[in-house]
Each structure stands twice: as structure tokens, then as C-alpha cells.
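> Structure of the sequence below:
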Amino acid sequence: MSFKNISCQNRIIELFQNAFANNRLAHAYIFTGQEGVGKASFSRELAKTVFCRSQGTDACDVCNTCLRIAGNNYSDMLVVQPEKNSRVIKIEQLKNLQDFLRIKPLESRNKMVIIHSADKMNEEAANCLLKTLEEPPLYAIMILTATSLDAVKETIRSRCQIIRFSPLSMAVVKNILVNQYQLDNRQAEQVAFIANGSIKRAVWLSQAGAVEKKTWLVEQLLKLECKDNLTFSKELVNTWHIQDTDVLEEKRTFVKELLFSFLMYYRDLLVCKTGRQESPIYHDGWKSALTVKSQAVSEDALFHIIQIIKTTFGYLDHNANIALLLENMITKILHLQFRRNM
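Numbering: from 1, shown residues only. Next comes the predicted model:
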């Protein structure tokens, strides 16, 4: 794999190839964009190009150096990311990074550090990284990847060049699912439509029965009554298999996907309510039913419901009890949706 195999990021590829051609690579970058759009893959290909024996504007992919980097076995490169079952990057990992950079390169002119999920550094780790960015060794190249740029300290952002990655096109996601993951055309198309430009999310969705779960959710929401809040909360937990894993991060992934489905359902109601023809309907197969349903809810209520769902996303990242979080969200949503005099 080399730059030519990175999808939908031609602008960024051209930027870095020009930097290589003119020997103007910066010492620190932040790659930002949603999960699954190629930030990690691009980081690895960038590392190959930096260290490749061909010394061109793209990796050869066949030399010993490229092969070792592909296998995470190159002495002048370090990859840092949250440890297994941890949601944050800890200061001990950043101290190890500092020790790594104190030693001059062993095999090349540079040393490279890639910090995946840099937006998940705890306060101590972020402050430790900041000291390194303030006085980096001349041979150091640092790549930070982040889903949420706002979650990265401003003092760190200001010392890095920010590179924004675009979502993948639906056609590209579909082709990857068909050619690399052996989905049939119809299933790949359905998953690509709801993957929101992320191949990582698309692969997870294809393995988690997401299309069937989303169909079930829309059908339940269309017939839901105000008094059903507690029953519906329990059904959600069971149908989405939220309790089937003891790994907290996997459980959060299931819940985030569920919350996204809620968000898109009520977003569709709002589009139907306002009659904006230029805005596509996410659940297009239910457009008629959604249009009818939207007439019973005010725009103000729909805006408040969408905000409730977004707030729930935030609470999910603060170790809230998942069952109680969903129950509380659904109760608030149904109260707004069925409030009198809509």
C-alpha cells in the first residue's frame, strides 16, 4: 500500500508530495477528521515515505524499511495510542515518547512519533507532550491523529500544522465493502449509506447487523407512545445487545451507534416538518410515515429533542450508567414529542 491506495484524500496527498519534493516537511502535524476516513492509514504511509530507501515522494512498498514499518517493527518510529481497556493516553506513555526522542536516530536522519487518538490524552499527558513540542529535536517528526480537534489543547494545536481529512464518498465505501469484505452489492449499498463516509464505521456496521437494527428502531419510534418510555428503554438494551459485552469501549460503540440512529430519525422528522426539499431523508423508505408523524410535533420540540440526544452523547464519555442514560433520554424525548398543543 502507498499514497495511491489512500481513498478520497487527493488534496492531502498532493500537499505532502509537494513537501517531500521541496524538502519542506514540518516537525508536527495534527490529522483531524471523523473515525475511519484514513488518518491512521495515511500516517503509516507517510512514515514509509519518510524512511523509504527510494527517498522519493511515495513509498516503494517493497524495501526492507517499508515492510518493517508495515509490521510496526522499525527502530526510528514509535506509535502511541490508548492502551487496551483504557480510554485515555497516560503520562507514562508520553514519558516513554520523550525517552525515545532523546536518543538520536539509529537507521535514518529522522525519528517519527505517531500519536493516535491524541484527543484522548489526559491532562498530565497533554502537558508532557506540550514540553516536547516546544523544543522538539531537529530530527523529530510528530503526527497526532484526532477525531475531535476541540479536545486537543489549544497550546498543542498552535504548534502543529492541522490537516483536515474528508469523509469518504459513498461509492468508495461501497466498493471497499464489496471488494475487500465480500458484501453483496445491495448490502454494501445499504451500509455505505448509513456509514457517514467512514470505512471503519461501515465495517463495524456490516458485522453488527446494523441495517436490521435500524429498521427495527424506526418502526418502533413511529408507533411509540408517551407511556412506553421504560418498556422501550429495556427493549433497546436487549435488541441492540448492549449488555452482551463486558468491554466498556465496545459497549460505548454500540450505544453511540444507537444514539446516532436516534439523531438521524429526529433529524428526518425535522426535515419533513420544514419541507426542505434540498435536504435528503436519511430514512428514505419511511418518508411518507415520517411526514405524517412530523405534523404532530413542533419544530421547537424537534430542535430540543436533537439537543437532548447530542447532550446524551456527551454524558456517554463521562462514565455515566448506560441504562439510566438511555432511560432518561427517552423519557425527555417522549415528554417533548407528546406534549400538548404542539
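> Any buried residues in the helix or strand Q98 falls within, and which?
Assessed by DSSP states H and E, Q98 sits inside helix 91-102. Buried residues in helix 91-102, defined by neighbour count with 16 or more other Cβ atoms under 10 Å: 91, 93-94, 97, 100-101. C-beta coordinates here come from the backbone N, C-alpha and C atoms, glycine included.
> Just after it, pick out the following helix or strand.
strand 111-115.
> tell me the angle of that next one relative to helix 91-102?
With axes from the mean of the first three to the mean of the last three Cα atoms, to 10 degrees defining the directions, strand 111-115 sits at 160 degrees from helix 91-102.
> List the pairing partners of strand 111-115 within its sheet, with orientation.
Strand pairing for strand 111-115, determined by DSSP bridges: strand 77-80 (parallel), strand 140-146 (parallel).
> Export only the CA atoms of the shortest one, formatted as PDB.
Provided in PDB are the C-alpha atoms of strand 77-80 (Å, rounded to 0.1, in the frame of the first residue of the first chain):
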ATOM      1  CA  MET A  77       9.300   5.100  14.600                       C
ATOM      2  CA  LEU A  78       7.100   4.900  17.700                       C
ATOM      3  CA  VAL A  79       3.300   4.600  17.800                       C
ATOM      4  CA  VAL A  80       1.400   5.700  20.900                       C
END
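> Domain-wise, how is this structure divided?
Following automatic domain parsing, the chain resolves into domains at 3-164, 208-337.
> Looking at the buried residues of helix 91-102, which is nearest L263?
Closest to L263 out of the buried residues of helix 91-102 is Q93 (33.1 Å), distances taken as Cβ to Cβ.
> May I see the buried residues of the host helix or strand of L15?
Element membership for L15, per DSSP H and E: helix 10-21. Neighbour-count burial for helix 10-21, counted by 16+ other Cβ under 10 Å, picks out 12-13, 16, 20.
> Would you mind getting the angle between the helix or strand following that helix and strand 140-146?
Using DSSP H and E, the next helix or strand after helix 10-21 towards the C-terminus is strand 28-32. Using the same axes, to 10 degrees, the direction of strand 28-32 lies 20 degrees away from that of strand 140-146.
> Please state the offset of strand 28-32 from the chain centre?
Chain-centre distance of strand 28-32: 15 Å, with Cα atoms, centre = their mean, to the nearest Å.
> Present the buried residues of helix 91-102 as CSV; the columns should include pLDDT and distance to R157.
CSV is the format used below for the buried residues of helix 91-102 (pLDDT from 0 to 100; distance: Cβ to Cβ, whole Å):
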residue, pLDDT, distance to R157
I91, 95, 20
Q93, 95, 20
L94, 95, 17
L97, 96, 18
F100, 96, 23
L101, 96, 20
